[in-house]
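any chance you can model this:
(3 chains)
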Amino acid sequence: MAWHKIPCSRRELQLLGTLNGGQSFRWEYNKETDVWTGIFSKTVWKLRQDDENLQYQVMGSLLNKASKSGSDMFQNLLENYFRLNYKLSDYYKKWSEKDELFEKACKQFYGIRMLYQEPVENLFSFICSQNNHISRISTMVEKLCKHYGEKICEFDGVTYFSFPDVDKLKQPQIESELRNLGFGYRAKFIQKSAAQIVEWGGRQWFKSLQEMKYKDARLELMKLCGIGPKVADCICLMSLNHLEALPVDTHVYQIAAQNYLPHLKGKKNVTEKMYSEIGDHFRMLYGDMAGWAHTVLFCADLKKFQQNDEQLSEGEKPKKKRKK
DNA sequence: AGCCTACCTGGGTC
DNA sequence: AGACCCAGGTAGG
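Below is the predicted model:
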């Protein structure tokens, strides 16, 4: 099958950091072929890049291709997903000028894009994320798709599923089923939130959140069971186009205390007051797209990328930094 | 309003 | 092996 091409340099888009940086949990990288396989918009994609292009293949889709000429539609979906209309190097330049730490981080972590994701997948993925490891989050998201999504297609012996609709997840028996699948206490949050979302209007409700001011959308989201300040910010930032939203998790807290707000060092957990202090600090620093900027720092802080870095630069045993 | 703590589970570490 | 600890937090006290 032929690869379609979209002009886009590696400086503008780095697939590794963008797809494997904890924004979406549905992308897999094949080292041998240098190809990413993943799912969004009920479509299975293969992606790769050369120095000048992002390349893609559509492996299967449940979307109605008759509506537009097929290739155009898929290209639009992809450009939208990666927000290719934003010229990233301009923003990197701006953020670098404002912040030394960013300037340092962006040398290795160039081309980190904020994906424009679907709210339903985003919301339930991040309910799973609380107090959890990225590896287990990925497993849980795949379980949701396999058990409650639709089959999209099959190739190389693997079956690919779409992310389930809220109507599926709101069913009462879901809670006990998810408990049995190892979701722990998140099982209840998933079922209850799904029911609330349907009750409040589903798609239309998400649309209204997108049109609201960031702070209002955040408060609305926090009415859902299992969604607190941090996950609400993830959803605002990643699927509701509120790019000033800035999720403060353990990583971001560490970065902030270490580099900007030393009086916050050594706290056991992040209180709501600290939470907004940290968010506001980054917003003051980077401006109205602070959430995107902070994601670059977040990537730089992820352990898997640091280990990559050490292997590449040293080829020696990784020195582990110990905190006391 | 602001600070505790229990909570499911499994991967990592010693 | 087995006991910790910890992970992109949140609800309920």
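
so residue A:305 belongs to a helix, correct?
Yes: counting by DSSP: H, G, I helix; E, B strand; the rest coil, residue A:305 is found in a helix.

which one is it nearest to, not counting chain neighbours?
Distance criterion CB to CB, 6 or more residues apart in numbering; nearest residue to residue A:305, sequence neighbours excluded, is residue A:299 at 6.1 Å. Heads up, the C-betas are built off the backbone N, CA and C, glycines and all.

show me what contacts the one you found?
A:17, A:21, A:22, A:105, A:109, A:112, A:305 (CB atoms under 8 Å, 6 or more residues apart in numbering).

for residue A:81, same thing?
Counted by CB under 8 Å, 6+ apart, residue A:81 has contacts A:40, A:41, A:115, A:116, A:117.

number of nearby residues for the first one?
Residue A:40 is surrounded by 20 other residues when neighbours are defined as other CB atoms under 10 Å.

that one touches residue A:25, doesn't it?
No: Residue A:40 is beyond contact range of residue A:25, at 11.3 Å (criterion: CB atoms under 8 Å).

circling back: give me phi/psi at the residue nearest to residue A:305?
Main-chain dihedrals, residue A:299, degrees, to the nearest 10: phi -60, psi -50.

any idea how far it is from DNA strand C?
8 Å (CB to the nearest atom of the strand, to the nearest Å).

how about the nearest residue to the closest residue to DNA strand C within the stretch 201-324 of chain A, chain neighbours excluded?
Closest approach of the stretch 201-324 of chain A to DNA strand C (CB to the nearest atom of the strand) occurs at residue A:228, with a separation of 2.5 Å. Distances taken as CB to CB, 6+ apart place residue A:222 nearest to residue A:228, at 6.4 Å, with adjacent residues excluded.

same question for residue A:77.
For residue A:77, the spatially nearest residue (CB to CB, 6+ apart) is residue A:41, at 5.4 Å.

that neighbour touches residue A:117, doesn't it?
No: assessed by CB under 8 Å, residue A:41 is found out of contact with residue A:117, at 9.8 Å.

higher neighbour count, the two?
residue A:117 (23 against 20).

wait, a helix at the more buried one?
No: going by three-state DSSP, the assignment for residue A:117 is coil, not a helix.

what is the neighbour count of the closest residue to it other than its chain neighbours?
In this structure, residue A:117 finds its nearest non-sequential neighbour in residue A:239, 4.5 Å apart by CB to CB, 6+ apart. Counted with other CB under 10 Å, the neighbours of residue A:239 add up to 22.
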